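**Q** sequence plus predicted model, see below.
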Amino acid sequence: MSDLLGEVVVDSTHRIRKQVEWVGENRKEKKFQYSNLPSNVLSLRSRFEEEDGTIVDGANRPMLVQDHLLGELINDLAVERPQWTFLVTQTIGVKEGAGGHFIDSAQTLLILDNLEPIGLVKWAENWKHGKHVTITNNRIKQDLMNKNSRLTGQLKRAKQIINKEVFGLSLREVLINSSTTINNDIRYAKSKLHTVVAEKYTPLGEWARQQFEGHSPQLLALSEKMGQGEIVKTFLDAEANHELADSVTGDIEVGAGKMVVLVGEEYHVAAMGGVQYVRPEFSNRYIKHTRDTLDPGMHTALALLKLTEPNTFVAGAGFKASDTEYFIVEEITIGKD
């Protein structure tokens, strides 16, 4: 059988965790044991009410074993596997003979090795399979791939399945899981530290940026002394260009400025006029101009923008998208000095 691809043999649901916790607290309590079975078989029910209203402790109540597949299985395994704990999690009352007392008929079973859940067994009866049990854990699910449990109506076969596939994590599986856990935890811890570094660097980086933008004499002199003057100049140029882009896009964000499209010798100009989101109907805003009818300030801005490369911002003028497509800022300041 291949190694289990997972960290647990039985999925740790909320119900399973509560049941394991209960076993840890109560497995030595006689009131949770059955009178006709070994002490490693426990019932979640400690008190029972008979038909006549009599309250009976669990220790005085037997389990149905004869001619009941799950009862026979529990009885045999409890003797063969004394180190295991068998927790009967669901039962129904069955009357023992005419006028007799009710006894427990086990319906569901959780098998534990120490306090590690290793298997789940359910009893059922239907027209297709008759009286049978289903046995499941993650080993069985992994082996079957497209089914979740093994089914049998035979005691011998049920014991074979449990002896072969119901057991705790092997040492090899523990080591495989631990290796994965260690590796993942290291990466997670590193990621958290990276986040801390980024958080701590942010105010430092912001302070340095402000100092350089303000042309701090001390920092500029220090960078020159350290031979990093060109790096600082490159940063300051990039920051200035970014601020320029902010000033130009600021017009679009408030619906100001004009879009200009050159078609041959014609200038098609559309004022934003409060429009922030350009949609197809925006094309109706364009007004055709010639070189002679174009606003002088816009003409100056376009003349300067034409000299630049596409995707270039120019302070006081606007933005060049391509050789025929431009955005002109609302307040043209270029050429007014």
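**A** Yep, that arrived.
**Q** all contacts plus neighbour counts: C-alpha atoms, from now on.
**A** Fine.
**Q** show me where this structure has helices.
**A** 14-26, 69-80, 138-144, 155-165, 171-213, 217-225, 229-253, 296-306 (DSSP state H).
**Q** got any ranges where the stretch 51-200 of the chain has weak pLDDT?
**A** For the stretch 51-200 of the chain, applying pLDDT under 70 flags the ranges 51-60, 96-100.
**Q** try it again with 90
**A** 51-64, 66-67, 91-105, 145-147, 170-190, 192-194, 196-200 (pLDDT under 90).
**Q** if we can go back for a sec, closest to L112 out of the helices of the chain?
**A** Among these, helix 14-26 comes nearest to L112, with 8.2 Å by CA to CA.
**Q** buried sites along the closest one?
**A** Q19, V20, V23 (16 or more other CA atoms under 10 Å).
**Q** surely the second one meets L115?
**A** Yes: contact between V20 and L115 holds when scored by CA atoms under 8 Å: they sit 6.3 Å apart.
**Q** mutual contacts of these two, please.
**A** Counting by CA atoms under 8 Å, 6 or more residues apart in numbering, V20 and L115 have no contacts in common.
**Q** separation between L220 and P203?
**A** To P203, L220 is 20 Å away according to CA to CA, to the nearest Å.
**Q** typo on my end, it should be E7
**A** 42 Å.
**Q** which one's more surrounded, those two?
**A** E7 (17 against 11; other CA atoms under 10 Å).
**Q** just the pLDDT for the more buried one.
**A** Looking at E7, its pLDDT is 87.
**Q** contacting residues for the nearest residue to G130 once chain neighbours are set aside?
**A** Nearest in space to G130, with sequence neighbours left out and distances taken as CA to CA, 6 or more residues apart in numbering, is G153 at 7.4 Å. Counting by CA under 8 Å, 6+ apart, G153 touches L69, H129, G130, K131, H132, V133.
**Q** taking the residues you listed together, which two end up most distant?
**A** So, the contacts of G153 by CA to CA: farthest apart are L69 and H129, at 13.1 Å.
**Q** who has more neighbours, the two?
**A** More neighbours surround L69 than the other of L69 and H129, with 22 against 12 (other CA under 10 Å).
**Q** now do the contacts for the more buried one.
**A** W123, K131, H132, V133, G153, Q154, L155.
**Q** one more: I186?
**A** So I186 contacts nothing (CA under 8 Å, 6+ apart).
**Q** list the buried ones in stretch 268-286?
**A** Here stretch 268-286 shows H268, V269, A270, A271, M272, Y286 as buried, counting by 16+ other CA under 10 Å.
**Q** end to end, how far does it reach?
**A** Termini of stretch 268-286 sit 6 Å apart (CA to CA).
**Q** do the same with stretch 158-177
**A** 29 Å.
**Q** next one: stretch 317-326
**A** Taking CA to CA as the measure, stretch 317-326 stretches 10 Å from start to finish.
**Q** quick check: buried residues in stretch 102-117?
**A** Of all the residues in stretch 102-117, those buried under the rule 16+ other CA under 10 Å are 102-113, 116-117.
**Q** equivalent analysis for stretch 298-312, please.
**A** Counting neighbours by 16+ other CA under 10 Å, stretch 298-312 gives M298, H299, T300, A301, L302, L304, L305, K306, P310 as buried.
**Q** looking at those, which is nearest P280?
**A** Once CA to CA is applied, the member of the buried residues of stretch 298-312 that ends up nearest P280 is P310, at 23.4 Å.
**Q** so how far is Y34 from that closest one?
**A** If you go by CA to CA, the gap between P310 and Y34 works out to 87 Å.
**Q** repeat for L109
**A** Separation of L109 from Y34 (CA to CA): 14 Å.
**Q** over to R150?
**A** Applying CA to CA to R150 and Y34 gives a distance of 27 Å.
**Q** R209 now?
**A** Counting by CA to CA - R209 and Y34 are separated by 76 Å.
**Q** now swap in V232 and tell me
**A** For V232, the distance to Y34 - CA to CA - is 82 Å.
**Q** okay, the two: which has more neighbours?
**A** A count of neighbours by other CA under 10 Å puts Y34 above the other of V232 and Y34, at 22 against 18.
**Q** and K95, what does it touch?
**A** Counting by CA under 8 Å, 6+ apart, K95 has contacts H101, F102, I103.
**Q** now, those that are in strands?
**A** The members of the contacts of K95 that map onto strands under DSSP state E are F102, I103.
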